[in-house]
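> Any chance you could fold what I've pasted below:
(chains A and B)
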Amino acid sequence: MFPLISLVLVTLLAGTAATFFSGARARWVALGTSVLFVLEVAFLFLSYSGWPGYNSSLVPGFAESESYAWISISWMHVNFTVGVDGISLVLILLTAILQIATVVYSWGEEKRPAAYFGLLLLTCLGCFGVFVALDVLLFFLFWEAVLVPMFFLIGFWGGPQRRYAALKFFVYTHVASIVMLVGLLALVFYSGATSFDFASIYAAARGLTPVAQTFLFLALFFGFGVKFPIVPFHTWLPDAHVEAPTGGSVLLAGLLLKLGGYGLTRWAVEVLPSGLHTTQPLLYFIAFLSIIWGSVLSLSQRDLKRLVAYSSINHMGIVLLAIALNSSLGLLAAVLLMFAHGIVSALLFMTAGSVHHTFGTRDIAGLGGITPRTPALSTMIMVGSLASLGLPALISFPAEFTALLATWNGLAYWVFIPLAILVVTAAFYLWMMQRILFGPPKGVPLDAHDVPWYEGVGMGLLVALTVLFGVLPGLLVNVIVSSPVKGFPGT
Amino acid sequence: MDVASFAGPFLPEILLLGAALLIYLLDVLGVRRNEIVGAIALSGTLLALLFVVADLGFAPLAGLATVPSGQVDALPTGTPLYAFTSLGFVFQGIFLLASFLVTLASMSRPSNERGAPIFYGLLTLATLGMLLVAIASDLIFLLLAIEVTSIATYLLVAYTRKDPRALEAAMKFYIIGALSTTISFFGASLLFGAYGTTNLYAIAAARGTVGFPVLVLLGYGFLIAGLAFKATLVPFHAWAVDVYDGSPTDVTSFLAGGSKKVGIFAFFLVFLAPILYVRTAASGTPFTTGTVALGPVLQLTLSAVAVLTMTLGNILALLQKEMKRMLAYSSISQAGYMLIGIAVGTAPALAGATLQIFAHVFMKGAAFLVVAGVAGLGIGPLIADYKGLGTRKPLIGVSFGLMLLSLAGVPLTIGFVSKFVLFSAAVQAQGYFVWLAVAGLLNSALSVFYYARVLKVMFFDEPAAQPAASGAVLGASEPVLLAAGGLGYGRAAAIALATIVIVVAGVYPQPILGAIQSAAQHFVNVGA
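A predicted model of the protein is given here:
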């Protein structure tokens, strides 16, 4: 079979390396790489053979998978195994979209552009790798490959408190990934899996006792949860977002948070069903806590970026709830939500960045009536906010609707918690829009211009997709439900 | 051609001895030029390495093996002083590589430098002692072989005879070394009292028949203390930093990359037998004192020492302002990782630790070689003095950066692979060893900070003003020295070689890891 996934990896690797060394032309190289990436992903998406009834892969249930021996000694068999199913494919699509949108949006970056664009691409490369890796070592390699460039993006291009924020981000997520790694290694060795491959771990883990599964699940849940982020390990997120440059924030919210959700579904929920079963109440509790906490704190934020950051905690709480439901509808909702949140939060962080560039502040109370001066930017803010609060025909609506439906199926009247919180979410977005967009002008310099073309194009792309997938969510749903996960029609 | 039949099993050792004697003979005859003396040492080391690699069973060199393959990894008859194991050959290779790198780098020193014969002669003799350690199968032979290495390295530290700091370091090294030797021999004598033999195989076979378990416990306790000095383990580490700091930096490279590992391998030799019975209880009677089994006690002790060594080394490294002291503390913490191998005591763990030791030659040994080289370019001892090195000398900066990343365990370097294998092995052993892996991983995370700080200084900080007269420091009359980025060809080649190994073995570790794993497996099989 044609090694399409390896080809994408090679493209990204070569493009990233070339970007680092191309000096002033870095943005063009980055754009070229992103265009190639999008084309390849589109091809991967269209040629995806994972529809019901397929059987063409090395790893059972994974389409387009490739495997090459890497390290092979008597007790450790590590392979370079990559593959996709519907879930990873949707997230890969998200990676490609956000990469090109971020590169275009950041076109005007003047501070060491080669390093900046190189690190952006490296982050996306790491995320792509995480979504395709089907081997513990490979997965961990890519997982860590995301961490380092983001650390530098925050620490070098960030705001006034960037050093503190970068360090906090690094410590939180690195400690979490250590716990995750030990959890994965323990999973391999305690289950007696014959190799580090996902398939063999998946098969061997069935033999683990429920107690062992619970402990392993908790270790993995902690490891993935910090990336989510779950309350009470969420405090790195607002700091990192506020200090990060806009491009960094976009990838952080759009992609990095998805790694936690993806990792949890792929490596914990699917592999350790008994572990999920016993820890389900804890997961519900943390999910509700994150939903409520993120939403309530959003209400009290003055900084536009911080507001979006806390709303991310709220949205990822819903993702955790959907995953914890352990139903096929819940899983579908979780993946849809991750995709939707990826697009919408990226859009919102871009608008927050543009507000900052244009008006020199992100203070909600210090701004008002910007619409006449910057109609395009205001439109973007409005679309992003409305999408985030779940307006029908925009991308979040089908996702949230599915999540609530799944919650009703699984937990009955508990669904009123996320429902009530949706009202709060709507409230803080509407209130923010009312203060910033409308009313008499406040804090608007007379020479304020609307966003530059590249920022407009970057955001416009996301706006278009918000509407497209809001109207046609089936494009995604059909792919997701073809994954080899229990309950989906493909299995 | 069959080397084994006419040269005997000690050909590598004889080659080194011959090189050292030739160097001293030429010294008497007045031939002291650095290149000539260095070339003799280098060729002796390389030839010895060739035969050791052949002994390891590397197929294309099969005819050069000095030990018939039947004698390798075989349970010896009687109580010989030495035995050939493939893990021993791996370690011989590692020691020779460490010596090779230092010799190669030293070749680019001024050709009229004083003390060249002393330096190369002692380096070769120290390596000879290390080769003997790797084949020891008797406690007395082992400790004497360590002593050969130690005496050569005491002198090596002070070979310039001028620098008062080096003299102080040598004195400290000598006193502590003599003390640790005494302690080790005392431990060995206690074990002799308990078992009536100092042969390690005989001790392994006699376990369970001992009437004086307290003697055994004390004997192993003293041996831990004595060998811990050599391997720079906490709480016997304090000398190492002063000695590493005070020595000429090329010597430091040899101490950290080479001779220290002798202590770790001695741990492998001495403690494998008492620990192993835990895993093969069916095949032998356990060591016990009353109801307490000896193996678990030793494992717990060694685990605690490993965790302490890693943590303290890393924390102190974080606080250092001088490059050599920072690297010295990091070297201590690395010894803690290596000790995990024997504390866990399974073949995978030994393989992981051995790979870590192999990696350490190219990361830490070569890092000291860079430090020695850039000192010749007018860069001071402080970490802050490395400001802008990455932009002024990109190749040196990138090589040094890769060594530091490898020490930190960043993926796609050999340092990552070795730690991954080692910690996987700890998890595989289950029980509390999982926490050993957690401790090791947390320590790796901690260590990232001080390595990253150097990277930041090298690549992100604005360069200081160009040092005015770096040519004067080098001796501008030496055209060779000014070549290869100011490092000289030999040193540049050594650094390039180390960098290549770090990256290539980091991406594709299979050949080296496969050899080490099978050697470790044989080692454990014979030991049990």
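> May I have the phi/psi pair for B:Arg161?
phi 60, psi 10 (degrees, to the nearest 10).
> Can you give me every residue that contacts B:Pro9?
Neighbouring residues of B:Pro9 by C-beta atoms under 8 Å, 6 or more residues apart in numbering or on different chains: B:Thr66, B:Val67, B:Gln71, B:Phe84. Where C-beta positions appear, they are placed from N, C-alpha and C, glycine not excepted.
> Which residue is the nearest non-sequential neighbour of B:Gly246?
Once flanking residues are discounted, B:Gly246 sits nearest to B:Ala169: 2.9 Å by C-beta to C-beta, 6 or more residues apart in numbering or on different chains.
> And A:Ile318, by the same measure?
For A:Ile318, the spatially nearest residue (C-beta to C-beta, 6+ apart) is A:Ala403, at 5.5 Å.
> Could you check how far the residue nearest to B:Gly246 is from B:Lys364?
18 Å (C-beta to C-beta, to the nearest Å).
> same thing with A:Gly83?
39 Å.
> quick one, which of those two is more surrounded?
B:Lys364 (27 against 24; other C-beta atoms under 10 Å in any protein chain shown).
> Just to check, the more buried one is in contact with B:Leu255?
No: between B:Lys364 and B:Leu255 there is no contact under C-beta atoms under 8 Å: 10.1 Å.
> ok, back up a step: and the contacts of B:Pro9, which of them are buried?
Using 16 or more other C-beta atoms under 10 Å in any protein chain shown as the burial test, the contacts of B:Pro9 include B:Thr66, B:Val67, B:Phe84 as buried.
> Look at the second one and give its secondary structure.
Looking back up the chat, that one is B:Val67. In three-state terms, and counting by DSSP: H, G, I helix; E, B strand; the rest coil, B:Val67 is coil.
> what residue ranges in the stretch 151-300 of chain B are flagged as low confidence?
The model of the stretch 151-300 of chain B has pLDDT under 70 over residues B:207-212, B:277-292.
> Near chain B, which residues of the stretch 101-250 of chain A? Just list them.
Contact residues, the stretch 101-250 of chain A versus chain B (C-beta under 8 Å from any C-beta of the partner chain): A:137, A:140-141, A:144-145, A:148, A:156, A:171, A:174-175, A:178-179, A:181-182, A:185-186, A:188-190.
> switch the cut-off to 10 Å
A:112, A:115, A:136-137, A:140-145, A:148, A:151-152, A:155-156, A:167, A:170-171, A:174-175, A:177-179, A:181-190, A:196, A:219 (C-beta under 10 Å from any C-beta of the partner chain).
> about what we covered before: what about the residue nearest to A:Ile318, neighbour count?
Neighbour number of A:Ala403 under other C-beta under 10 Å is 26.
> Point me to the helix or strand that includes it.
helix A:396-411 (DSSP states H and E).
> repeat for B:Leu308
helix B:294-318.
> can you tell me if whichever helix or strand comes after that helix touches chain A.
Proceeding N to C from helix B:294-318, the next assigned helix or strand is helix B:323-344, under DSSP H and E. No: counting by C-beta under 10 Å from any C-beta, no contacts exist between helix B:323-344 and chain A, the nearest distance being 12.3 Å.
> could you give the angle of helix B:323-344 to helix B:294-318?
160 degrees (axes from the mean of the first three to the mean of the last three C-alpha atoms, to 10 degrees).
> So which bits of the stretch 351-500 of chain B are right by chain A?
Counting by C-beta under 10 Å from any C-beta, the residues of the stretch 351-500 of chain B that sit close to chain A are B:351-352, B:405, B:409-412, B:416-417, B:420-421, B:423-430, B:434-435, B:437-438, B:440-446, B:448-449, B:452, B:456, B:459-460.
> of these, buried ones?
B:351-352, B:405, B:409-412, B:416-417, B:420-421, B:423-429, B:434, B:437-438, B:440-446, B:448, B:452, B:456, B:459-460.
> about what we covered before: identify the residues contacting the residue nearest to B:Gly246.
For B:Ala169, the contact set (C-beta atoms under 10 Å, 6 or more residues apart in numbering or on different chains) comprises B:154, B:157-158, B:163, B:239, B:242-248, B:251-252.
> And the residues you listed, which two are furthest apart?
B:Asp163 and B:Trp239 (17.8 Å; C-beta to C-beta).
> so what's B:Val148 closest to, chain neighbours aside?
In space, B:Val148 is closest to B:Gly129, 3.2 Å off (C-beta to C-beta, 6+ apart).
> helix or strand for that neighbour, which one?
Short version, using DSSP H and E: B:Gly129 is in helix B:116-135.
> Run a quick neighbour tally on the residue in the stretch 1-150 of chain A that chain B sits nearest to.
Here the residue of the stretch 1-150 of chain A nearest chain B is A:Ile73; by C-beta to the nearest C-beta that distance is 4.1 Å. Residues near A:Ile73, counting by other C-beta under 10 Å, number 21.
> dump the residue contacts of it.
Counting by C-beta under 10 Å, 6+ apart, the residues that A:Ile73 touches are B:347-348, B:351, B:421, B:509-510, B:513-518, B:520-521.
> Can you tell me which of those residues are buried?
By 16+ other C-beta under 10 Å, those give B:Ala347, B:Pro348, B:Ala351, B:Val421, B:Pro509, B:Leu513, B:Ala515, B:Ile516, B:Gln517, B:Ser518, B:Ala520, B:Gln521 as buried.
> Cool, thanks, talk later.
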